[in-house]
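**Student:** Build me a structure from this.
(chains A and B)
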Amino acid sequence: MALVCGSASVTFPSSSFPRHSHRNTSSSSSSSLVGLQFPFHKLVSLSLSPSSSSNTNARTLRIHSQQQDSSILPPEQDPRFLCVEPEPRFKGPDIWNKTWYPKAADHVNTEKTWYVVDATDKVLGRLASTIAIHIRGKNLETYTPSVDMGAFVIVVNAEKVAVSGKKRTQKLYRRHSGRPGGMKVETFAQLQNRIPERIIEHAVRGMLPKGRLGRRLFTHLKVYEGPDHPHAAQKPIELPIQDKRIYLQR
Amino acid sequence: MTRIKRGYIARKRRTKIRLFTSSFRGAHSRLTRTISQQKIKALVSANRDRDRKKRGFRGLWIHRINAIIGKNKKKQYNRYSNLLYNMYKGQWLLNHKIVAQMGILKGNCLLMIANEIIT
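**Tutor:** Below you'll find the predicted structure:
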């Protein structure tokens, strides 16, 4: 299994990976090395068959398969499995067994990415969904539900956002002033004429979590009416859109 | 029967409960009857959430694995489900926690391994 990482981080798979699977399998069986041989065999045969050993001159693979090792040491003497107390790599905090949680330096606002997206002819809901995912940080491997790890998103040309069907005249935006009879109703078209930014803001706010964190995430959304935005200094990049149906089908 | 006052037995019991509830908010740390109730609720939550914690973390790991595998555009099937399927096929015996930690701490390594495994 360690054969795959041919780059500078070879020490990682060779030293820690067998240890982990060693701990996993040896808890049940008495002879740990026998239990480890079987999966290693399989992986060697699976992975090495496409790249035959004759023409791998450019890539140097470090192979840790049991069948090619001439000197098989018992686990007490094999340097990979010797348990040295204290574990030399683990002198500090245990970064492997404790699930990673971001420190304050990991989510500083000044170092977050800024994305810009043009809302022209994009379907409202699908656009809002993509924006919300990026603001929340759900596309990152460092996603933590309690921490704001997401990016900033700028939306330009907000008045050109599109909806399918008859939503332009039939979709209603309601708000209530709190007093009896204080319900105000507007159609999509009327609101787009009045305050076009509110349409996208309303859509994205509905997709962000509701709470203290959600309100803070919402402030990371910047919506503008025309093609200009005042955030050129943040050097925003294009928002990567995966959704194929986000463009309005005419 | 001779008269026996209760004395401070009840108070002794309640001070222990009060110590437990001492950091709670508002009336939950001040009023005697509320203190008893809140201690019970707190212990019930702690008991139930010890099992929920296991579920919660597993979901977080799965989400993190999906996120980093999804960044790999080379493969068509860059999803958590495909990674797990190929892990079982290739007999790669790692638990979710370590794979998720690998994704954060050694992301390139995990992507290299995933490229080899995912067909």
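**Student:** what residues are up against the residue of chain B found nearest chain A?
**Tutor:** Closest residue of chain B to chain A, Cβ to the nearest Cβ: B:Ile68 (3.7 Å). Where you see a C-beta, it was placed from the backbone N, CA and C, and this is true even at glycine. Applying Cβ atoms under 8 Å, 6 or more residues apart in numbering or on different chains to B:Ile68 gives the contacts A:Glu141, B:Gly103, B:Ile104, B:Gly107, B:Leu110, B:Leu111.
**Student:** Find me the pLDDT at it, would you?
**Tutor:** The model reports B:Ile68 with a pLDDT of 91.
**Student:** buried ones in the helix or strand in which it is found?
**Tutor:** Secondary structure assigned from DSSP states H and E places B:Ile68 in helix B:32-70. Neighbour-count burial for helix B:32-70, counted by 16 or more other Cβ atoms under 10 Å in any protein chain shown, picks out B:35, B:38-39, B:60-69.
**Student:** try stretch B:82-102
**Tutor:** Going by neighbour count (16+ other Cβ under 10 Å), the buried part of stretch B:82-102 is B:82-84, B:86-87, B:90, B:92, B:94, B:96-102.
**Student:** ok so, going back, filter the contacts of B:Ile68 to the buried ones?
**Tutor:** Neighbour counting by 16+ other Cβ under 10 Å classes A:Glu141, B:Gly103, B:Ile104, B:Leu110, B:Leu111 among the contacts of B:Ile68 as buried.
**Student:** Just read off the phi/psi values of whichever residue of chain A sits closest to chain B.
**Tutor:** The nearest approach of chain A to chain B comes at A:Glu141, 3.7 Å away (Cβ to the nearest Cβ). The phi/psi pair for A:Glu141 (degrees, to the nearest 10) reads phi -80, psi -10.
**Student:** close enough to count as contact, it and B:Ile104?
**Tutor:** Yes - A:Glu141 is within contact range of B:Ile104, at 5.5 Å (criterion: Cβ atoms under 8 Å).
**Student:** Which neighbours do these two have in common?
**Tutor:** Taking Cβ under 8 Å, 6+ apart as the criterion, A:Glu141 and B:Ile104 both touch B:Arg64, B:Ile68.
**Student:** residues from chain B in reach of chain A?
**Tutor:** Residues of chain B lying close to chain A (Cβ under 8 Å from any Cβ of the partner chain) are B:57, B:60-61, B:63-65, B:67-68, B:70-71, B:90-95, B:97-98, B:100-101, B:103-109, B:112-113, B:116.
**Student:** quick one: B:Ile40 and B:Ala67, what's the gap?
**Tutor:** 39 Å (Cβ to Cβ, to the nearest Å).
**Student:** Please save the CA atoms from stretch A:189-208 in PDB.
**Tutor:** The C-alpha coordinates for stretch A:189-208 follow below in PDB (Å, rounded to 0.1, in the frame of the first residue of the first chain):
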ATOM      1  CA  ALA A 189     -41.000  41.500 -11.600                       C
ATOM      2  CA  GLN A 190     -42.000  44.300  -9.300                       C
ATOM      3  CA  LEU A 191     -39.200  43.500  -6.800                       C
ATOM      4  CA  GLN A 192     -36.700  43.300  -9.600                       C
ATOM      5  CA  ASN A 193     -37.700  46.800 -10.700                       C
ATOM      6  CA  ARG A 194     -37.600  48.200  -7.200                       C
ATOM      7  CA  ILE A 195     -34.600  46.500  -5.400                       C
ATOM      8  CA  PRO A 196     -33.100  43.800  -7.600                       C
ATOM      9  CA  GLU A 197     -30.400  42.800  -5.100                       C
ATOM     10  CA  ARG A 198     -33.000  41.700  -2.600                       C
ATOM     11  CA  ILE A 199     -34.000  38.800  -4.800                       C
ATOM     12  CA  ILE A 200     -30.700  37.100  -4.700                       C
ATOM     13  CA  GLU A 201     -30.200  38.000  -1.100                       C
ATOM     14  CA  HIS A 202     -33.600  36.500  -0.200                       C
ATOM     15  CA  ALA A 203     -32.700  33.300  -2.000                       C
ATOM     16  CA  VAL A 204     -29.300  32.800  -0.500                       C
ATOM     17  CA  ARG A 205     -30.500  33.700   3.000                       C
ATOM     18  CA  GLY A 206     -33.000  31.000   2.800                       C
ATOM     19  CA  MET A 207     -30.200  28.500   2.000                       C
ATOM     20  CA  LEU A 208     -27.800  29.500   4.700                       C
END
